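Chemist: here is a sequence together with a model predicted from it:
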Amino acid sequence: MMRRAALLACVAMPLAVAAQDKPKDKEMPVTELIDLVGCTLCHQVDNRILGPSFKEVAVKYRNDKEALPRVAERIQKGSKGIWGEVAMPPNNVKPEEAKRIAEWVLAR
Ligand code: HEC
């Protein structure tokens, strides 16, 4: 399992970096934004791949009213130790984009 995760990280990270150069549109739907930024290389809505599924993230924080800013910050700056052994690297999103995505994730 760890070997598979490490391999996935090697594949996913350069792809995520390559995706950073494309222009982002302010009004872009969140589903397109997360494709463009590379989130979907490691996350799906329904299934756990390298990272947790967005549904399980929503369930975990369902009763936590303070979750939104924390989740948004982790989306931007990266996260480790919450879901398992694999860390999430920082992502190329602005604070307002991270907040918009976090709202969307928590509503899954
Ligand atoms: C290289 C793989 C990878 C990429 C790219 C990635 N993630 Fe993650 N993500 C992870 C992993 C692994 C975790 C679990 C980290 C932990 O255990 O703390 C995680 C955790 C999360 C969480 C849960 C944070 C929490 O507060 O519990 C959210 C939400 C999330 N990612 C959203 C995103 C979004 C949105 C993007 C794109 C902007 C993104 N991720 C890009 C791998 C990735």
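Modeler: On my side now, so go ahead.
Chemist: going forward, measure contacts between C-alpha atoms and count neighbours the same way
Modeler: OK.
Chemist: got a pLDDT number for the residue most central in space within the chain?
Modeler: Nearest to the mean C-alpha position of the chain, by Cα atoms, centre = their mean, lies C39 at 4.7 Å. pLDDT recorded at C39 is 97.
Chemist: relative to N47, how far out is it?
Modeler: Applying Cα to Cα, to the nearest Å, the value for C39 to N47 is 13 Å.
Chemist: same deal with G84?
Modeler: G84 sits 15 Å away from N47, going by Cα to Cα.
Chemist: ok, these two, which is more surrounded?
Modeler: Neighbour totals were compared for G84 and N47, and N47 leads with 13 against 10 (other Cα atoms under 10 Å).
Chemist: from what I see, the more buried one and S53 are in contact.
Modeler: Yes. Counting by Cα atoms under 8 Å, N47 touches S53, with 5.1 Å between them.
Chemist: low-confidence stretches in the chain?
Modeler: 1-23 (pLDDT under 70).
Chemist: residues from it in reach of the ligand?
Modeler: Applying Cα under 6 Å from any ligand atom, we find that the chain lies next to the ligand at 9, 12-13, 16, 34, 37-39, 41-42, 50-51, 57, 71, 74-75, 79-84, 86-88, 91, 101.
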